[in-house]
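Trainee: here's a sequence, model it:
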Amino acid sequence: MSQDHCIYIVDDDASVRRSLKFLLDTERLPSQAFESGDDFLKEAGSLTPGCVLLDIRMPGRDGLEVQSVLKERGLAFPVIVVTGHGDIGLAVRAMKAGAVDFLEKPYRREDLLDALMHGRNRLEDGEQVKQKATEARLRLNALTPREREVMDGLANGHPNKTIAFDLGISARTVEVHRANLMEKLDARSLADALRVAFAAQGSD
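Mentor: Numbering: from 1, shown residues only. Alright, predicted model coming up:
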């Protein structure tokens, strides 16, 4: 990540803010921490461009609301949402609204740095959105109709069992289709697959 890009940590947990700040310091990445979404939004208009590590659940404005306000104000901060276990549905909503990536606690250092790399690319390569959309559509075209249906279910934040019920197939069959589509999309995680799906709509 460029030394010019600051990383903004928005989390109400002081221990999380400290640990993230320490990790980013060891990577020589400039960062600034905020204990609430409201505190961050008060200063957002005067901050230099950078990625936002945004906790999805906070007192006051939650992560989705903060993301919405940034969009309303036209502030192009790439957002990486941080979720707890069971908040995948919220993460999907955030990505539909334009978030670059999501991290599920507990996450690995490598996952964090990968997400920040995606954020840097959003900052530096915004003009390539149309090209990425075309490439993503080509990758999705390689999926079978059933794999596309499973992908649509995942993009709507549905678990395997719900997708299976909606499509009238077994959960095991959904798992097989999910594994196949992940391979075809060269996706290592659900977030990778969602990025392709949303990029095809011109949102990544």
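Trainee: not including adjacent chain positions, what is the nearest residue to Tyr107?
Mentor: Computed as Cβ to Cβ, 6 or more residues apart in numbering, the closest residue to Tyr107 that is not its neighbour in sequence is Val82, at 7.8 Å. To be clear about C-beta, it is placed using only N, CA and C from the backbone, and glycine gets the same treatment.
Trainee: so is the one you found in a helix, a strand, or just coil?
Mentor: Recorded secondary structure, Val82: strand (DSSP: H, G, I helix; E, B strand; the rest coil).
Trainee: who touches it in this structure?
Mentor: Asp11, Leu53, Leu54, Asp55, Ile56, Gly63, Phe102, Leu103, Lys105, Tyr107 (Cβ atoms under 8 Å, 6 or more residues apart in numbering).
Trainee: could you chop the chain up by domain?
Mentor: 6-124, 129-199 (automatic domain parsing).
Trainee: quick check, Gln32 in a strand?
Mentor: Yes: secondary structure assignment (three-state DSSP) places Gln32 inside a strand.
Trainee: which residue is nearest the middle of the protein?
Mentor: Asp101 (1.8 Å; Cα atoms, centre = their mean).
Trainee: any idea how far Arg120 lies from His5?
Mentor: Distance, Arg120 to His5, by Cβ to Cβ, to the nearest Å: 6 Å.
Trainee: any residues in contact with both of these two?
Mentor: Here Arg120 and His5 have Cys51 as joint contacts, going by Cβ under 8 Å, 6+ apart.
Trainee: show me the shaky parts of the chain.
Mentor: 1-4, 85, 125-130, 202-204 (pLDDT under 70).
Trainee: give me the phi and psi angles of the residue sitting furthest away from the middle of the chain.
Mentor: Most distant residue from the mean C-alpha position of the chain: Gly168, 29.7 Å away (Cα atoms, centre = their mean). As for Gly168, its main-chain torsions (degrees, to the nearest 10) stand at phi 70, psi 30.
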